[in-house]
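> return a 3D structure for these sequence lines:
(one chain, ligands or ions: 1)
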Amino acid sequence: MRIVRVERTIRRFMSSLNGMNGSHGGRFPVRRDWTLDEVRRVYSQNLLELMYQGATAHRENFNPQEVQKCTLLSIKTGGCPEDCKYCSQSSKYKTSVKAEVLMQVDDVLAQAKKAKDAGSTRFCMGAAWRGASQVGPRQFQRVLDMVTGVREMGLEVCATLGLVNAEQARMLKEAGLTAYNHNLDTSREFYPKVITTRNYDDRLQTLQNVRDAGLSVCCGGIIGLGESHQDRVSMIHTLATLPNHPESVPVNALVVNEGTPLEGTKPLPVWDLCRMIATARIIMPASMVRLSAGRVSLSPSEQALCFFAGANSIFTGDKLLTTPNSDMDEDKVLFETLGIRGKPPVFAEEEHANDGVGTQPFSAEEEHGNDKVAAQPFFAEEEYVKQNVAAR
Ligand code: SF4
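Numbering: from 1, shown residues only. Alright, predicted model coming up:
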């Protein structure tokens, strides 16, 4: 403990030296008292300045040469009773996705092994359900067996199973789950325009149940749904003012699916993705920021911009649930070109998921985890701030 304190003091001293040298060392503490206006000002900055700050916050909290590789498998595809307007798995829409039954444990474990052999350190399993209560105890037990089996392979295990109650979250934790994904998707204000079969508070309650069970929280959203910049700011503000920041924040760009109400929606420019990633990185500096759906449509250069802006996690594998994803060989070339490598799994994260500190398994936690909420906003570049967040 004493050694940790000494190390922390040395790092803070070095950080202050960095500041004197004109860098921004130590400017990005973990805060949970962000105001909406502060988030808006960060988000609205000159894009180059914003990305520079995102890159700096990234370097203060993580090794920028490491990018976490996660593989996402759909363990139960299609036939979902929810009406998420972007989703090809909703039974409300006529899409090419056919409803399937829950996979068998052995088949899932075979996929997990394949992912591990390809360099993934986190294996995520998604089921197209309203929630775990939609299925009977036998099917839920099968999911628990999958979790245990994947964990025994030495992988971090994540699941996204829709709404879970406190007991289900506890059972998942006991089975060996590392993290639970449950995205807010968008702002509270825009949410009813995207989903009507459950509400924002249902989402937040599941996040609380997951957190109370001691699981890491993976929670982010999707841009390109027709939301305004203000909605994006509002969603980040909600995430950043949760009792603890999510350990992972996926930033998805809409992948347009034929047959859904959002069919025909124009794709976003990469700059929107960079702006969102950098803002998430600055506002939640010790969280993993995951470049998620939509990556397949980005060129290697555009992906590099996203990494520079602060993304340090990706999904690998041919598919993200049912949507196409970047080819694993292309990712290998990209990693070699950029000089980045896969981040090893960190199981210590579970020890911190419910400690009230709010974040990370990383050394950054020692640096920032117990910091008191900063009294001052850190951004001094207000001359760059463009108040361009007016609703579209
Ligand atoms: S996003 Fe999830 S909850 Fe929504 S329709 Fe698709 S599978 Fe169902």
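> look up how far residue 49 lies from the residue of the stretch 151-300 of the chain found nearest the ligand.
Taking CB to the nearest ligand atom as the measure, the stretch 151-300 of the chain has residue 162 as its residue closest to the ligand, at 5.4 Å. For the C-beta atoms, the positions are set from N, CA and C on the backbone; glycine is no exception. Here the criterion is CB to CB, to the nearest Å. By it, residue 162 lies 39 Å from residue 49.
> which one of these two is surrounded by more residues?
residue 162 (22 against 15; other CB atoms under 10 Å).
> and the pLDDT for the more buried one?
The predicted structure scores residue 162 at 94 on the pLDDT scale.
> from here on, count from 19
Happy to do that; since the first residue is 19 now, the last one works out to residue 180.
> would you check how far apart it and residue 131 are?
In this structure, residue 180 and residue 131 are 26 Å apart, going by CB to CB.
> and what of residue 122?
When CB to CB is the yardstick, residue 122 and residue 131 sit 14 Å from each other.
> and the chain, which residues reach the ligand?
The chain has residues 98, 100, 102, 105, 107, 108, 146, 180 near the ligand, with proximity defined as CB under 6 Å from any ligand atom.
> and the helices in the protein, which stretches?
Secondary structure of the chain by DSSP state H: the helices cover 20-38, 54-61, 65-79, 123-135, 155-170, 184-193, 218-230, 247-258, 288-301, 318-327, 346-356, 367-370, 381-382.
> for the ones you listed, which one ends up most surrounded?
The highest average neighbour count among the helices of the chain, using mean count of other CB atoms under 10 Å, belongs to helix 288-301 at a mean of 25.
> what average pLDDT does that one get?
97.
> which strands or helices does it pack on?
Judged by 3 or more CB pairs under 8 Å, 6 or more residues apart in numbering; DSSP states H and E, helix 288-301 is in contact with helix 54-61, helix 65-79, strand 239-241, helix 247-258, strand 266-271, strand 306-309, helix 318-327.
> and the angle from it to strand 266-271?
Using axes from the mean of the first three to the mean of the last three CA atoms, to 10 degrees, one finds that helix 288-301 and strand 266-271 are set 160 degrees apart in direction.
> export helix 288-301 as PDB, just CAs?
Backbone C-alpha positions of helix 288-301 (Å, rounded to 0.1, in the frame of the first residue of the first chain) are rendered in PDB as follows:
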ATOM      1  CA  VAL A 288     -16.000  10.000 -39.800                       C
ATOM      2  CA  TRP A 289     -15.600  13.400 -38.100                       C
ATOM      3  CA  ASP A 290     -18.800  12.800 -36.200                       C
ATOM      4  CA  LEU A 291     -17.400   9.600 -34.900                       C
ATOM      5  CA  CYS A 292     -14.100  11.300 -34.000                       C
ATOM      6  CA  ARG A 293     -15.900  14.000 -32.200                       C
ATOM      7  CA  MET A 294     -17.900  11.600 -30.200                       C
ATOM      8  CA  ILE A 295     -14.900   9.400 -29.300                       C
ATOM      9  CA  ALA A 296     -12.700  12.300 -28.200                       C
ATOM     10  CA  THR A 297     -15.500  13.700 -26.100                       C
ATOM     11  CA  ALA A 298     -16.200  10.400 -24.400                       C
ATOM     12  CA  ARG A 299     -12.400  10.000 -23.800                       C
ATOM     13  CA  ILE A 300     -12.100  13.400 -22.200                       C
ATOM     14  CA  ILE A 301     -15.200  13.200 -20.200                       C
END
